[in-house]
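*Asks:* With the sequence up front, the predicted model follows.
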Amino acid sequence: MAVVAYINFKGNCREAVAFYADVFDTEPAKIMTYGEQNHGFPLPEAAKDLVMHAELHIMGSPVMFSDVLDNTQLTPGNTISLTVTSNDKERCKLHFTS
């Protein structure tokens, strides 16, 4: 099992990714913007350059980043999600279901 962090930002994700890449001396992230994707719903012009997804590998672990859209509430201190990944379905059921 692996735990992956996903960090959300409110419009400054690109700067944060560059900062973390510099601090941890990683390869620059490939950045996918909302405007590059076809979501099937209208996207405000201001949102097209926001980061939909970026990923850095920090000390062997992936850390993912994105900007939230304007209509999404973002509470400081609650901007990180942890995702558990595994190929062992039974182990996940044992640990993550009630």
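*Replies:* Received it, and whenever you're ready, just let me know what you need.
*Asks:* what's stretch 25-42 in contact with?
*Replies:* Contact with stretch 25-42 is made by 14, 17-18, 20-21, 43, 47-58, 65, 67, 69, as judged by Cβ atoms under 8 Å, 6 or more residues apart in numbering. Every C-beta, even on glycine, is put in place using the N, C-alpha and C of the backbone.
*Asks:* So what's the model's average confidence on stretch 3-11?
*Replies:* Stretch 3-11 carries an average pLDDT of 91.
*Asks:* Show me how far it is from its chain's centre.
*Replies:* Averaging C-alpha positions (Cα atoms, centre = their mean, to the nearest Å) puts stretch 3-11 4 Å from its chain's average.
*Asks:* Which neighbouring elements make contact with the top helix by length along the chain?
*Replies:* If you go by DSSP state H, the chain has its longest helix at helix 13-23. In terms of contacts (3 or more Cβ pairs under 8 Å, 6 or more residues apart in numbering; DSSP states H and E), helix 13-23 is packed against strand 51-58, strand 61-67.
*Asks:* Any idea which of the ones you listed gets closest to residue 10?
*Replies:* strand 61-67 (6.8 Å; Cβ to Cβ).
*Asks:* what angle do the closest one and strand 51-58 make?
*Replies:* Relative orientation of strand 61-67 versus strand 51-58 (axes from the mean of the first three to the mean of the last three Cα atoms, to 10 degrees): 160 degrees.
*Asks:* For strand 61-67, list every residue counted as buried.
*Replies:* Judged by neighbour count (16 or more other Cβ atoms under 10 Å), strand 61-67 contains these buried residues: 63-67.
*Asks:* Quick check, pLDDT for the most centrally placed residue in the chain.
*Replies:* Geometric centre of the chain, nearest residue: residue 65, 2.7 Å, by Cα atoms, centre = their mean. For residue 65, the pLDDT comes out at 96.
*Asks:* pLDDT score assigned to the residue nearest to it when sequence neighbours are not counted?
*Replies:* Computed as Cβ to Cβ, 6 or more residues apart in numbering, the closest residue to residue 65 that is not its neighbour in sequence is residue 54, at 4.5 Å. At residue 54, the pLDDT value in this model is 97.
*Asks:* So what pairs up with residue 54 in the strands?
*Replies:* Partner residues in beta bridges with residue 54, using DSSP bridges, are residue 31, residue 65.
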